[in-house]
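Participant: Attaching a predicted model along with its sequence, questions to come.
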Amino acid sequence: MREAYQRSWQASIDDPQGFWLDAAKAVDWFDAPESAYSEKAGWFPGASLNTCYNCVDRHVAAGRGDGVALIYDSPVTDTTRSWSYAQLLEEVGRVAAMLARLGVEKGDRIVLYMPMVPETLFAMLACARLGAVHSVVFGGFAPHELAKRIDDAAPKLVLTASCGIEGSRTIAYKPMVDQALKLASHAVAHVVLLQRDRLMADINAPRDIDWAALREDTAGDSLPDCAPVASDDPLYILYTSGTTGTPKGVVRENGGHAVALAWSMANIYGIGAGDVFWAASDVGWVVGHSYIVYAPLLVGATTILFEGKPIGTPDAGTFWRTIARHAVKIFFTAPTAIRAVRKEDSEAAFMKETGTGPLQAIFLAGERADPDTIAWLEEKSGLPVIDHWWQTELGWPAIATCFAMGDTRRRPGSAGFPVPGWNFAVLGDDGRVLGAEQSGNIAIREPLPPGAFRALWNNPERYAKSFSGFPGYYETGDAGHFDSDGFLHIMGRTDDIINVAGHRLSTGQMEQIVAQVPGVAECAVIGADDPVKGMVPLAFIVPRADISDASALAAAAIAAVRAELGAVAALRKAYVVAQLPKTRSGKILRALLRTIANGKDYTIPATIEDPAAADVIAGAIASESTPA
């Protein structure tokens, strides 16, 4: 019902104090908030709570201990297990006892470099229980990148596993952790290692401690109590790519985070106690933090931790079998995943075979969902497919169709409407608010609602920069427009961040790496459209005069990016060309490169220095003669 959504959104804008104080009633507080917001202390000033208590203990105390909290479904290891809320309390408490034995206290940072296994979720909640700050780094990130995060967060411990399993590949984690710790300036006290049967790792005593042995050694320790933390105390640091090579640590505060996520589950997704919710993401990303670990447990629902891929584990039907097997009510995945499934099973034969059980809707996020993919999925599933949009900095959906309010309005190419709490504007470069159908910079009026970031770790200047372009607004870095019916359309980035299968990556950072490869005179990395991943990076390299082997140079550039950023960077094509199209002032025409790479008709800009340079690029792509 459109009216319910409109009333809610308007109330959140007209009376944010009243709106969010009412929403805060869904959370249990040690010291309840008396006001919703202060400019100095942020959301719910003076209040205290514990996020782990809200996710686990309070459900057991309320008599729901037998309800299923967690389902671990791992087609890559042929394992399915579940934990009730009472069992989850025991597991989280045991890990908290392990951390306490190693001296972890409130405010300490803990880095998790872990795969999609239950112990990762236990450890995140255990940190929250103690008031420690976790920083999950996506398993598989290159040692150099992990070292940067260790130096920035300065953790007391690193928790890791012997390996991760990515489809048919087994990735050894421990050697990457060892290398990262050699590169890092900060010294951690201990590395706690979870051994997996698929690939065991060496333990280097006394720094390294075996997870299972530590758990056994602390079996007699009492479960630590939930530490009261202030509403504005950090729950976690999550690093995301910026426009430079330095990662930025988004800080999430306990109070606003709990209130916003609980509100979103009830009002966007329609999920409550006993419902089954599945976000097919990874705990290394913000979706995994918000909607695998925290939000479902905050409302007493069942969350699914899935260790597999949309295809190949074992086939393109794994999503639908998982949904039917566990009676999933709401499914959340990325457009990339659906494109991969469609590529393998265009007629949705697997979906027809298994059905979708009690599934009510499918939500998409991670990158822009193309209308064709949404139309295919709606046709095959017979369900509403809802695109929605947010960022790591924001923490929860900012643009969506609020399905739980009875609103099912959708428009291909749009992520929906501003969610209650989020006050969007489309601004011209001069800061002027633009009208319907006018494209400009997507911005959000301050203050951002609960759950959004209020700091970057160790970097107040960089945080302030997000609000300096347009005073009074957070600059999202995206461009787009409102249409005449109020749908908000996100059309692309205004900087050099590209979205590869849901992973935000900086082409500028990749350029810095490629430029340092011996034999490279100059280069450009751009994002090109891809039917499966949404976007993929492409490199264009001008070699030095003494380089004769173009294919070797291209391969070296690809290898360098992989070594620095890890396989997630997905740079697989590098074209060695005689020149790059540039303006007479020397600026590389990256927009022209993107147009050519996407196979679109292009016109030669008046500012170009040498018109032949565009044809050189087009010829290289057309011939496919020099890509690695």
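Facilitator: Here it is on my side, so go on.

Participant: give me phi/psi at the residue of the chain positioned farthest from its centre?
Facilitator: Distance from the C-alpha centroid of the chain peaks at residue 546, with 42.5 Å (C-alpha atoms, centre = their mean). Per-residue torsions, residue 546: phi -90, psi 10 (degrees, to the nearest 10).

Participant: what's near enough to touch it?
Facilitator: residue 519 (C-beta atoms under 8 Å, 6 or more residues apart in numbering). For every residue, glycine as well, the C-beta is placed using N, CA and C.

Participant: Residue 351 versus that one, what's the distance?
Facilitator: Per C-beta to C-beta, to the nearest Å, residue 546 is found 56 Å from residue 351.

Participant: same deal with residue 88?
Facilitator: The value you get for residue 88 to residue 351, if C-beta to C-beta is used, is 31 Å.

Participant: same thing with residue 26?
Facilitator: Using C-beta to C-beta, residue 26 is found at 35 Å from residue 351.

Participant: ok, now residue 264?
Facilitator: Using C-beta to C-beta, residue 264 is found at 27 Å from residue 351.

Participant: between the two, which one's more packed in?
Facilitator: Shown here are residue 264 and residue 351; by other C-beta atoms under 10 Å, residue 264 has more neighbours (28 against 22).

Participant: tell me the secondary structure for the more buried one?
Facilitator: helix (DSSP: H, G, I helix; E, B strand; the rest coil).

Participant: for residue 508, same thing?
Facilitator: helix.

Participant: residues near it, how many?
Facilitator: Every residue meeting other C-beta under 10 Å relative to residue 508 is counted, giving 16.

Participant: Same check on residue 6?
Facilitator: 15.

Participant: where's it, which helix or strand?
Facilitator: Residue 6 belongs to helix 2-14 when assigned by DSSP states H and E.

Participant: my read: residue 421 touches residue 449, true?
Facilitator: Yes: between residue 421 and residue 449 there is a contact under C-beta atoms under 8 Å: 3.4 Å.

Participant: Mutual contacts of those two, please.
Facilitator: With contacts taken as C-beta under 8 Å, 6+ apart, the residues that reach both residue 421 and residue 449 are 12, 16, 20, 260.

Participant: got JSON lines for those, with neighbour count, distance to residue 196 and pLDDT too?
Facilitator: JSON lines is the format used below for the shared contacts of residue 421 and residue 449 (neighbours: other C-beta atoms under 10 Å; distance: C-beta to C-beta, whole Å; pLDDT from 0 to 100):
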{"residue": "12", "neighbour count": "21", "distance to residue 196": "45", "pLDDT": "98"}
{"residue": "16", "neighbour count": "19", "distance to residue 196": "46", "pLDDT": "97"}
{"residue": "20", "neighbour count": "24", "distance to residue 196": "42", "pLDDT": "98"}
{"residue": "260", "neighbour count": "27", "distance to residue 196": "34", "pLDDT": "98"}
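
Participant: Between all of those residues, which two are separated the most?
Facilitator: Within the shared contacts of residue 421 and residue 449, 16 and 260 form the most distant pair, 12.3 Å apart (C-beta to C-beta).

Participant: can you give me the strands for the stretch 201-350 of the chain?
Facilitator: Secondary structure of the stretch 201-350 of the chain, counting by DSSP state E, counting those that start in this stretch: strands at 208-210, 229-230, 234-240, 248-253, 276-279, 302-306, 330-333.

Participant: Quick one: mean pLDDT for the fifth one?
Facilitator: Mean pLDDT, taken over the full extent of strand 276-279, equals 98.

Participant: The last one too?
Facilitator: Along strand 330-333, the predicted local confidence has a mean pLDDT of 97.

Participant: Please name every helix or strand in contact with it.
Facilitator: strand 276-279, helix 318-325, strand 361-364 (3 or more C-beta pairs under 8 Å, 6 or more residues apart in numbering; DSSP states H and E).

Participant: so residue 375 makes contact with residue 412?
Facilitator: Yes: using C-beta under 8 Å, residue 375 makes contact with residue 412 at a distance of 6.9 Å.

Participant: Domain map for this structure?
Facilitator: When the chain is parsed with automatic domain parsing, its domains come out as 2-308+388-464, 500-623.

Participant: between those, which one is nearest to residue 340?
Facilitator: domain 500-623 (5.4 Å).

Participant: burial of the nearest residue to residue 612 once chain neighbours are set aside, as a residue count?
Facilitator: Distances taken as C-beta to C-beta, 6 or more residues apart in numbering put residue 579 closest to residue 612, at 7.9 Å, once the chain neighbours are dropped. Close neighbours of residue 579, defined as other C-beta under 10 Å, add up to 16.

Participant: Look up how far residue 523 lies from residue 579.
Facilitator: Between residue 579 and residue 523 the distance is 12 Å, computed by C-beta to C-beta.

Participant: What score does residue 461 have for pLDDT?
Facilitator: We have a pLDDT of 95 for residue 461.

Participant: Please apply the same query to residue 569.
Facilitator: So, for residue 569, pLDDT stands at 68.

Participant: just residue 491 next, same as before
Facilitator: Note for residue 491: predicted pLDDT of 76.

Participant: Which of the helices or strands spans it?
Facilitator: Secondary-structure assignment from DSSP H and E places residue 491 in strand 488-493.

Participant: Could you point out the helix or strand that follows that strand?
Facilitator: Downstream of strand 488-493, the first helix or strand assigned by DSSP H and E is strand 497-500.

Participant: Residue 225: how many residues sit nearby?
Facilitator: Residue 225 has 13 nearby residues by other C-beta under 10 Å.

Participant: Tell me the pLDDT of it.
Facilitator: For residue 225, the pLDDT comes out at 97.

Participant: separation between it and residue 253?
Facilitator: Distance, residue 225 to residue 253, using C-beta to C-beta: 21 Å.

Participant: now swap in residue 541 and tell me
Facilitator: In this view, residue 541 and residue 253 are 44 Å apart by C-beta to C-beta.

Participant: Tell me where the model's unsure across the stretch 1-150 of the chain.
Facilitator: 1 (pLDDT under 70).

Participant: Could you pull out the strands in it for me?
Facilitator: With DSSP E, counting those that start in this stretch as the criterion, the stretch 1-150 of the chain has strands spanning 37-38, 42-43, 48-49, 68-74, 79-84, 109-113, 133-136.

Participant: Throw the ones you listed into JSON lines and include distance to residue 598, thanks.
Facilitator: Below are the strands of the stretch 1-150 of the chain laid out as JSON lines (distance: least, C-beta to C-beta, whole Å):
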{"stretch": "strand 37-38", "distance to residue 598": "44"}
{"stretch": "strand 42-43", "distance to residue 598": "42"}
{"stretch": "strand 48-49", "distance to residue 598": "48"}
{"stretch": "strand 68-74", "distance to residue 598": "37"}
{"stretch": "strand 79-84", "distance to residue 598": "42"}
{"stretch": "strand 109-113", "distance to residue 598": "36"}
{"stretch": "strand 133-136", "distance to residue 598": "34"}
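
Participant: which residues of the stretch 351-500 of the chain score low on pLDDT?
Facilitator: 492-497.

Participant: ok, now with 90
Facilitator: For the stretch 351-500 of the chain, the stretches flagged by pLDDT under 90 are 366-373, 412-413, 429, 439, 478-480, 490-500.

Participant: what is in contact with residue 579 and residue 523 at once?
Facilitator: residue 542.

Participant: Alright, that wraps it up for me.
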